[in-house]
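Engineer: Let's see this in three dimensions:
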Amino acid sequence: MCILIHHPANVAFDDELLNDFYAHNPDGFGAMYVDNNGNIVVTKTLGKPAEINALYRDTLKGRECIIHYRMKTHGDIDLDNCHPYKITDDVWMAHNGILSMGNPIDPAKSDTWHFIEYILKPAVTANPDIILNLDYQAYLEKMIGGSNKFAFLHSSGEIVVLNYDAGVEHQGAWLSNTYAWSAHKHGHGSKYGRYGSMYEDDYPYYGGYGSLTTHKSSKATKSGAVLAPVKHSSRMLGWDEFDPEGAAYGDYDDAYDSYNVKPKKMNMTKIVKAAHNCYRRGMHQLVDWVVAAPEKAEYLLIESFGEKEEGEMNTLVNADPESAAEWIWDLFDGGNMDKDLAA
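Structural biologist: Residues are numbered from 1 along each chain as shown. As a prediction, the model looks like this:
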């Protein structure tokens, strides 16, 4: 699934943390920043930790930049599929998550490449500054869902992070998740807490295809300054509806319909074993399992976390399987699942 990092200029990671990032995400490293001449500088490598750590110390430490460690989900393991990706000469981006569109046109390319080629590039080529537009940022957040995070670097030096509030802050930097590094060893524990819920008031849930509730969204930075997060509400727009000059969003439907029937009693041991087998193969396998067996995934989540409202886990599993997989991943990765069940 990868880890995406917004690294301010005053941050300095040690080798132990860098090695931890690599151990979980060994399929490519990339970084980008704007130099003193206003040029976007991008570096990528498939190298081992010693090379990456030296690159960090010599080039990135003490500099505001975007860093990405890749764990393959779609596409080949090569430099072309390493993040960041070029959209235009003025805009580059990196991504953490699994996009539901996948990579249907070219299996050798990643899901990120497909999203850029067929969705972002037409819009950003016509107007490179559109990525700085708050309404366009809201539109993209709605399109990709809460489990995906994008980081854009504009030639002006501004950095835009989508779904910022879905990540965590560590040592002064922003990290896109807690499952693709040993977060529990650094005091973060499970991403949502052992019995936490994305439905708490300070973190309302919104799925990749459901409607969006009012929420805090992207943060933009320039020269280390962090702008206040923006609150907005929206619904899914077609390209013909998007208004880059103002809010084009109207009323939206409630995405949290109640489900009065809980899943039937299932064999918890068999479900945990199936989920754990996918967990051992990687996040992409776990997402595939949630999509293929939504009732089992829902049952596992209800038994592990409970549900504050009727149908909450049903909505999560069906509207945003990537986030549901992250919840299940945290159960195993954070040591909150009975290992005897998965033996």
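Engineer: can you give me the strands in the stretch 101-250 of the chain?
Structural biologist: Using DSSP state E, counting those that start in this stretch, the strands assigned to the stretch 101-250 of the chain run over residues 149-154, 159-162, 168-170, 173-175, 215-216, 219-222, 225-226, 231-232.
Engineer: Which strands or helices does the first one pack on?
Structural biologist: Where contact means 3 or more CB pairs under 8 Å, 6 or more residues apart in numbering; DSSP states H and E, strand 149-154 is packed against strand 3-7, strand 29-34, strand 65-69, strand 91-96, strand 159-162. The C-beta positions use only the backbone N, C-alpha and C, and glycine is treated the same way.
Engineer: Next, the angle from it to strand 29-34.
Structural biologist: Using axes from the mean of the first three to the mean of the last three CA atoms, to 10 degrees, the direction of strand 149-154 lies 40 degrees away from that of strand 29-34.
Engineer: List the contacts of strand 149-154.
Structural biologist: For strand 149-154, the surrounding residues in contact (CB atoms under 8 Å, 6 or more residues apart in numbering) are 4, 6, 32-34, 40, 66, 68, 84, 87, 90-97, 128-129, 131-132, 140, 144, 159-164, 166-167, 176-177.
Engineer: Helices along the protein, start to end?
Structural biologist: 15-24, 49-55, 111-115, 121-126, 134-144, 268-281, 283-292, 294-305, 312-319, 321-333, 339-342 (DSSP state H).
Engineer: Go ahead and confirm E141 touches V160.
Structural biologist: No: with contact taken as CB atoms under 8 Å, E141 and V160 are classed as non-touching, separated by 10.8 Å.
Engineer: Please pull out the lowest mean pLDDT helix or strand from the chain.
Structural biologist: strand 231-232 (a mean of 30; mean pLDDT, DSSP states H and E).
Engineer: picking up where we left off before, now the helices and strands packed on strand 149-154 as CSV including distance to G187?
Structural biologist: Formatted as CSV, these follow (distance: least, CB to CB, whole Å):
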stretch, distance to G187
strand 3-7, 17
strand 29-34, 25
strand 65-69, 20
strand 91-96, 21
strand 159-162, 22
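Engineer: could you redo those strands as JSON lines and give each row distance to D76, mean neighbour count and mean pLDDT?
Structural biologist: Below are the helices and strands packed on strand 149-154 laid out as JSON lines (distance: least, CB to CB, whole Å; neighbours: other CB atoms under 10 Å; pLDDT from 0 to 100):
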{"stretch": "strand 3-7", "distance to D76": "20", "mean neighbour count": "26", "mean pLDDT": "96"}
{"stretch": "strand 29-34", "distance to D76": "15", "mean neighbour count": "23", "mean pLDDT": "97"}
{"stretch": "strand 65-69", "distance to D76": "16", "mean neighbour count": "26", "mean pLDDT": "97"}
{"stretch": "strand 91-96", "distance to D76": "16", "mean neighbour count": "26", "mean pLDDT": "95"}
{"stretch": "strand 159-162", "distance to D76": "26", "mean neighbour count": "24", "mean pLDDT": "96"}
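Engineer: Among those strands, which comes closest to A54?
Structural biologist: Between A54 and the helices and strands packed on strand 149-154, the shortest gap by CB to CB is with strand 29-34, which sits at 11.6 Å.
Engineer: Could you list the paired strands of that closest one along with their orientation?
Structural biologist: When sheet partners are counted by DSSP bridges, strand 29-34 sits next to strand 40-45 (antiparallel), strand 65-69 (antiparallel).
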